[in-house]
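S.K.: Please find the sequence and the predicted model below.
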Amino acid sequence: MVQKVNLIWLMLLIPSFVNASPLFDAHLHYNAADATQFSPQQIIRKLEQNEIRRAVVTGTPASHTARLYQHAPDRIVPFLSVYRNHEDKLKWQNDTTLPARIESELKKGIWQGIGELHIFAKDRHSPVFHRIIMIAAEHKLPLQIHGDPAVIDTVFELKPSQTVIWAHAGTFPYSDLIEDYLQRYPTLYVDLSVRDERIAPNGQISDEWYELLVKFPNRFMVGVDTFSLSRWENFDAAVTIIRRWLAQLPEDVAKNIAYNNVEALLIR
């Protein structure tokens, strides 16, 4: 078992990490509802106040992400959402016009990934999904996938070298399952957004997650996941929760998960 950070040292480490260490948020949304309440300038200010120097952002529709990117191209890493509205989230796998629309949008040249794609085992053989995997591979773009293990298997069966960011540590975020998949697939990365309570129940990082994060220090990343307006409204508190469990890890591991891993993957 990997030795956890001594609690006395932890109390000394938390204030500096919580307040000062930069973050690269790997999972934000700037959707139509968010845009009615928060201007791009206000969103950028929230990121600045929380020392989030870069952020992966996707939005429904994608035009909101593009607008945010235009305001801060050095801070925003835009991922292309395939959803035009909320209804698309439920039925995009059957939309045969979608691949052509994605390819057209990619010609604009700003997009650095595709996703978040919500897809589960029953739809993993969708021809539309398979074509999007191929498009991502052709353009050398990562896929951000919100799905179960069978979906991840499907991606790597079709394209073994495809880069995948597994949102929320998957739909079954068990440390032993995640370890198995990281060992299977070298180009799989795990986004830990909205899994804080599982990783650190009551604020204390669990032994199994501590060991997993230390064992794979280059494969994890963090994110707030502003999936609803309330997440933007409570953004500061969500960031603080993430910082507090990061501070319980060895400093080099914490810095990798907080920032370096996403930067190495996405910033060229």
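M.R.: Looks like it came in fine.
S.K.: Okay, now the unreliable bits of the chain?
M.R.: By pLDDT under 70, the low-scoring segments of the chain are 1-20.
S.K.: residue boundaries of the strands in it?
M.R.: For the chain, the strands identified by DSSP state E occupy 23-29, 52-58, 76-78, 114-119, 143-147, 164-166, 188-191, 220-221, in order along the chain.
S.K.: okay if I get these as CSV plus distance to residue 228 and mean neighbour count?
M.R.: Yep, even glycine has a C-beta here, placed from its N, CA and C like the rest. Converted to CSV, those look like this (distance: least, CB to CB, whole Å; neighbours: other CB atoms under 10 Å):
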stretch, distance to residue 228, mean neighbour count
strand 23-29, 9, 27
strand 52-58, 14, 23
strand 76-78, 20, 25
strand 114-119, 14, 23
strand 143-147, 15, 25
strand 164-166, 21, 26
strand 188-191, 17, 23
strand 220-221, 21, 26
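S.K.: Could you save these as a markdown table and add columns showing distance to residue 244?
M.R.: What follows is the strands of the chain, written out as a markdown table (distance: least, CB to CB, whole Å):
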| stretch | distance to residue 244 |
| --- | --- |
| strand 23-29 | 13 |
| strand 52-58 | 16 |
| strand 76-78 | 25 |
| strand 114-119 | 25 |
| strand 143-147 | 25 |
| strand 164-166 | 23 |
| strand 188-191 | 18 |
| strand 220-221 | 16 |
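S.K.: Nearest to residue 232 among those would be which one?
M.R.: Distances from residue 232 to each of the strands of the chain were compared by CB to CB, and the smallest falls on strand 23-29, at 9.0 Å.
S.K.: How about residues contacting the closest one?
M.R.: By CB atoms under 8 Å, 6 or more residues apart in numbering, the residues outside strand 23-29 that reach it are 47, 50-60, 116, 144, 165, 167, 191, 193, 221-227, 239, 242-243, 258-263.
S.K.: who does residue 78 bridge with?
M.R.: The partner list for residue 78 in beta bridges (DSSP bridges) reads residue 57.
S.K.: Does it touch residue 70 like I think?
M.R.: No - the criterion here is CB atoms under 8 Å, and residue 78 misses it with residue 70 at 9.6 Å.
S.K.: any idea how far residue 44 is from residue 69?
M.R.: 11 Å (CB to CB, to the nearest Å).
S.K.: Which one of these two is surrounded by more residues?
M.R.: Each of residue 69 and residue 44 had its neighbours counted (other CB atoms under 10 Å), and the higher figure belongs to residue 69 (21 against 18).
S.K.: So for residue 132, which of the strands of the chain sits nearest?
M.R.: With distances scored as CB to CB, the stretch of the strands of the chain nearest to residue 132 is strand 114-119 (6.7 Å).
S.K.: Output the closest one as CSV - backbone C-alpha positions only.
M.R.: This file holds the C-alpha atoms of strand 114-119, laid out as CSV (Å, rounded to 0.1, in the frame of the first residue of the first chain):
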residue,chain,number,x,y,z
ILE,A,114,-15.1,16.3,-29.8
GLY,A,115,-17.6,15.8,-27.0
GLU,A,116,-19.1,15.4,-24.5
LEU,A,117,-20.7,12.3,-26.1
HIS,A,118,-23.4,10.7,-24.0
ILE,A,119,-23.7,7.1,-25.1
